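In: sequence-free structure coming up:
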């Protein structure tokens, strides 16, 4: 009688193994995270070709003997997506795109697949969540038309690799990596072993055959990518698809990129015919800004290499409960608490008994220190019930001593504010050169401030 395969329990959070089931993982402390996994039975998956080298040569080579191969980037046909990727897709790269369900990941990748199929060559779109008819129905709505786009409704990894070898596509899209399983394992799709094996084999295929590959990844309830952390280490680029359900715009943000700048940002607008790139995000976020309303300030933010003007809104009202509330949307809650303490201590504003609500209009998220001055200005404007001039923009980091510190890429922010028609820019004095101060008289007036008090006087005078 054949011996039954041994059973092992693997933690889906950290990957640690245990011979028996435990309610709590002994390594990471996660509850109910251990899932039963069994190795493949003898003969299952045997004889299947697997590649374990990323290049043609398996032996080590001298550094000086290696010749560089310059491959031009492949454009996706979507300018905003190319910007996030660093100028296009690098041949042989492995890109992971994660986001909330229904945010538009499949729509964006289907548009990318159609554009590249028309300009570069055949594209293989493998879907493990939809049938070919469902994918084509979306494609008809997007107006794809005739293009050498191959659709494959498959979840078996070995079958997907066979189709890649048969078609030899110029681009491979796998939607999603959590639905793919390998015959080498008997565990369910989405387990830590299956995800690691599928990502690794697709990496070998992408590097060995120089085929760019795009993977779709699920996210957990806290917003992080599902699956083992090794998944993010294996891929070359990690992109997050963000956006509010009640807003039409979507944001693609790069958090890892071996071939470009991190924290790069691409802005899209969801329409009935798919995602439309937004070349001027500042105009989009400031389109519905109210006129002559206290508590509204314009902040010059930089995401990657792109300057974006966003509106910071603040509302300060008397608290009707025993404890004042502090609520923030689009900015860090702990940072807001710190800035309120600076306002009370250094600017003399009494906010201990007031409710404070801060929001970045349009669903945008700003997490850089240069947003401090805009948040403080909006709060002070609401407290004093005084309007900040509509042609004034600001940026700067605020310290605990009430000083306004210099920040990076100040000329880029000023240039964006001037192009959007702003006549005055409140900024750290350390970022203003004497030449810039003299040259700004005819364009955008630069006002340098050293403390929070000077900034509020310049804004609310």
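Out: Nice, thanks for sending it over. All values derive from a computational prediction rather than experimental measurement.
In: what sits against residue 408?
Out: The contact partners of residue 408, taken as Cβ atoms under 8 Å, 6 or more residues apart in numbering, are residue 302. The way it works is simple: take the backbone N, C-alpha and C, and place the C-beta from them, glycine included.
In: check which helix or strand it maps to.
Out: Assigned by DSSP states H and E, residue 408 falls within no helix or strand.
In: residue 335 versus that one, what's the distance?
Out: Counting by Cβ to Cβ, to the nearest Å, the gap from residue 408 to residue 335 is 18 Å.
In: after the longest strand anywhere in the chain comes which helix or strand?
Out: Looking across the chain with DSSP state E, the single longest strand is strand 306-318. Remark: after strand 306-318, the chain's next helix or strand is strand 326-329, criterion DSSP H and E.
In: mind listing the strands for the stretch 151-300 of the chain?
Out: Along the stretch 151-300 of the chain, the stretches classed as strands by DSSP state E, counting those that start in this stretch are 171-175, 213-217, 237-242, 249-257, 265-271, 274-277, 296-303.
In: now render those as JSON lines, adding mean neighbour count, distance to residue 70 and mean pLDDT.
Out: Formatted as JSON lines, these follow (neighbours: other Cβ atoms under 10 Å; distance: least, Cβ to Cβ, whole Å; pLDDT from 0 to 100):
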{"stretch": "strand 171-175", "mean neighbour count": "25", "distance to residue 70": "20", "mean pLDDT": "96"}
{"stretch": "strand 213-217", "mean neighbour count": "26", "distance to residue 70": "21", "mean pLDDT": "94"}
{"stretch": "strand 237-242", "mean neighbour count": "22", "distance to residue 70": "19", "mean pLDDT": "92"}
{"stretch": "strand 249-257", "mean neighbour count": "21", "distance to residue 70": "19", "mean pLDDT": "90"}
{"stretch": "strand 265-271", "mean neighbour count": "20", "distance to residue 70": "25", "mean pLDDT": "90"}
{"stretch": "strand 274-277", "mean neighbour count": "19", "distance to residue 70": "27", "mean pLDDT": "91"}
{"stretch": "strand 296-303", "mean neighbour count": "25", "distance to residue 70": "29", "mean pLDDT": "93"}
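In: which one of those lies nearest to residue 24?
Out: Nearest of the strands of the stretch 151-300 of the chain to residue 24, taken as Cβ to Cβ: strand 213-217 at 26.0 Å.
In: ok, and what's touching that closest one?
Out: With Cβ under 8 Å, 6+ apart as the test, strand 213-217 has contacts from 89, 93-98, 105-106, 109, 112, 171-178, 199, 202, 205-206, 225-227, 231, 235.
In: and what of stretch 381-394?
Out: Stretch 381-394 has contacts (Cβ under 8 Å, 6+ apart) with 289, 291-300, 309, 314-316, 349, 351, 354, 373-374, 377-378, 417, 421-427, 455, 459-460.
In: which among the residues you listed count as buried?
Out: 289, 294-300, 309, 314-316, 349, 351, 354, 373-374, 377-378, 417, 422, 424-427, 455, 459-460 (16 or more other Cβ atoms under 10 Å).
In: thinking residue 98 is in contact with residue 237, fair?
Out: No: between residue 98 and residue 237 there is no contact under Cβ atoms under 8 Å: 11.4 Å.
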